[in-house]
Each structure stands twice: as structure tokens, then as C-alpha cells.
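Colleague: Here is a sequence with its predicted model. Questions after.
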Amino acid sequence: MAWLIGLLVLIGVVIAWLVSMYNALVDLRNRFKNAFAQIDVQLKRRHDLIPNLVETAKGYLAHERETLEAVIAARNSAEGARERAAADPGDAGAMQTLVAAEAGLSGVLGRLFALSEAYPDLKANQNMMQLSEELSTTENKIAFARQAFNDAVMRYNTKCEIVPSNIIASAFDFQRAEFFEIEIEAEREPVKVQF
């Protein structure tokens, strides 16, 4: 009879241990999703600022219509990618699409700011200066949120890969999460906003 009680206690300890590992994985997955939600807020803010920026620049850059249209197209692409990634931050494809869309948006914004350097009246426009300051602040917030997200993803991925929690992770289909990384070295630089 004592061996039966010992066996039941051992089974109870093993079950509690497995539940604890499962709960730790769920906690880490929720943490990286929450960290992405912080990025999402800042990306949404960035995307909302861009139409105002383009509208302000439109009067000064009327003959630069192609650049303005490229900014709006890149913004719309990035917004769609943001919505897809926000629906499931663990989806590697959605995260890669978002990274690519944000890189494209940063590139065309860089072109817009470089072009605006040739227009002193635009640089002096109070609305443009305020929007560029807000955009610059948002870019910094995105960088900090991205760092927090990548830290949370690293902790989650590590837990999914180390023994013995990797057994629970594979049994319950915990998928590896993608980092929010910028792959092209030139795009690692923040958008320079100078007016």
C-alpha cells in the first residue's frame, strides 16, 4: 500500500511539474505578444502621422508627386503588414512582411526628408517642424519597443528550445517566434528628421 501512495505522489509531482512548464511557456508567449502590442501602438502612431506630413509637404512639393505617392503607398503597405502582424505576432511570415514593409517605408521617408532639404519654406513650416518632431519621437519609441519585444522573444524561444521544456513546447505546438530585426545595414539607421 505504501508503494501505491508513493507512486501516486510521484505521478502528482510529475503532473504538477509538467503543468508548471506549460504555464511558463504560456506566460512567455503572452509576454512577447504584449511586447509586440507596444510596437503596434507606436507603428500605428507613425503611420497616422505620415498622411499629415505628406499633406503638409504637398503644397511645397507639388512637382514631386511621385515621391509623395511613394510615401503614401509605402505607408499603406506598412499599415496592412502591421495589422496582419498584430493579429498574430507569432506568425513568422507576418513578422517578416512587417519588417520588409517598415524598411520600405523608412526608405521612402528618407527620400522625402532628403528632398525637403531643397525647400527652405517647407523646412520653416511650423506644422512640418511639429510633425517631424513627433515622428522623430515615435521612431525612438519604436526602437525601445522593438528592443523589449526582441528580449521577450528571446526568452520565449530559449524556453521552447531548452530541455525539458522543449518537450512540452513541441507537444503543445508552441512555435518559435520571429524577432523584429532590420536585415539591411543601411536601414538600421533611424529616419533622420531635420527641418
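Modeller: It's in. Numbering: from 1, shown residues only.

Colleague: mind listing the helices for this structure?
Modeller: For the chain, applying DSSP state H gives helices covering 2-58, 65-87, 92-116, 120-124, 126-161, 165-171.

Colleague: What residues of the fourth one count as buried?
Modeller: Taking 16 or more other Cβ atoms under 10 Å as the neighbour-count basis, helix 120-124 is seen to contain the buried residues L122, K123. Yep, even glycine has a C-beta here, placed from its N, CA and C like the rest.

Colleague: can you check the third one too?
Modeller: Using 16+ other Cβ under 10 Å as the test for burial, helix 92-116 gives 94-113, 115-116.

Colleague: Give the residue spans of this protein that score low on pLDDT.
Modeller: Residues of the chain meeting the criterion pLDDT under 70: 183-195.

Colleague: Nearest the middle, which residue of it would you pick?
Modeller: By Cα atoms, centre = their mean, the mean C-alpha position of the chain lies nearest to I39, the distance being 4.7 Å.

Colleague: Nearest spatial neighbour of that one, chain-adjacent residues omitted?
Modeller: Distance criterion Cβ to Cβ, 6 or more residues apart in numbering; nearest residue to I39, sequence neighbours excluded, is A145 at 4.4 Å.

Colleague: can you pull the contacts of the one you found?
Modeller: A35, Q38, I39, V41, Q42 (Cβ atoms under 8 Å, 6 or more residues apart in numbering).

Colleague: Quick check: the gap between it and A70.
Modeller: Applying Cβ to Cβ, to the nearest Å, one obtains 26 Å for the distance of A145 from A70.
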